[in-house]
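Asks: this one's sequence-less:
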């Protein structure tokens with residue numbers, strides 16, 4: 001789907017979605033066609049929505065539903081354990097081939113609004129391997 005465009009806040013554009021649509025013209029960058037394709041697939045999965053116009057709970061629900069397609073064909077890992085650490089969900093991945101005693105800590109910067117250990121499961125499985 002490279003070359004297709006997405007709408008931002010209901011406006012259609014003949015060029016790819018630009019960061020300037022959200023930020024500032026001086027900071028504009030074209031978004032990679034692969035990212036546009038993923039975003040288009042996510043929108044096709046849930047239907048398009050304007051995250052800025054929704055109540056937070058509805059936005060989280062739609063983002064979680066849209067992100068489900070990112071977890072198709074998850075890589076196998078040796079173990080996945082969910083924990084509660086002070087009210088925060090934490091997921092520990094154990095790779096199939098443990099090569100060191102090192103750890104990787106991934107902290108998602110979703111502003112305490114969107115995404116979760118579930119929306120990023122595939123990526124974190126890949127990182128653990």
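Replies: Nice, thanks for sending it over. Only a predicted model underlies this, so the values are computations on that prediction, with no experimental measurement involved.

Asks: contacting residues around the nearest residue to residue 66 once chain neighbours are set aside?
Replies: Excluding the flanking residues, the one nearest residue 66 by Cβ to Cβ, 6 or more residues apart in numbering is residue 42, at 4.0 Å. Bear in mind the C-beta positions are built from the backbone N, C-alpha and C, glycine included. By Cβ atoms under 8 Å, 6 or more residues apart in numbering, the contact list for residue 42 reads 66, 67, 69, 70.

Asks: and the end-to-end length of stretch 70-88?
Replies: 23 Å (Cα to Cα, to the nearest Å).

Asks: run the chain-centre distance for that stretch.
Replies: Distance, stretch centre to chain centre, for stretch 70-88: 15 Å (Cα atoms, centre = their mean, to the nearest Å).

Asks: any buried residues in it, and which?
Replies: Across stretch 70-88, burial judged by 16 or more other Cβ atoms under 10 Å covers 70, 75.

Asks: name the next helix or strand following the helix ranked longest in the chain along the chain.
Replies: Looking across the chain with DSSP state H, the single longest helix is helix 33-46. Per DSSP states H and E, the first helix or strand lying C-terminal to helix 33-46 is helix 56-67.

Asks: so what touches that following helix?
Replies: 42-43, 45-46, 49, 51, 54, 113-116, 118-120.

Asks: now a ChimeraX select for only the buried ones of those residues.
Replies: Buried residues among those (16+ other Cβ under 10 Å), as a ChimeraX selection:
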select :42,46,51,114,119,120
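
Asks: any idea which of the contacts of helix 56-67 is least confident?
Replies: Least confident of these in the model: residue 113, at 70.

Asks: now that residue: closest residue in space, sequence neighbours ignored.
Replies: Nearest one to residue 113, counting by Cβ to Cβ, 6+ apart, is residue 56 at 6.3 Å.

Asks: ok, now how distant is the one you found from residue 67?
Replies: According to Cβ to Cβ, to the nearest Å, residue 56 stands 16 Å off from residue 67.
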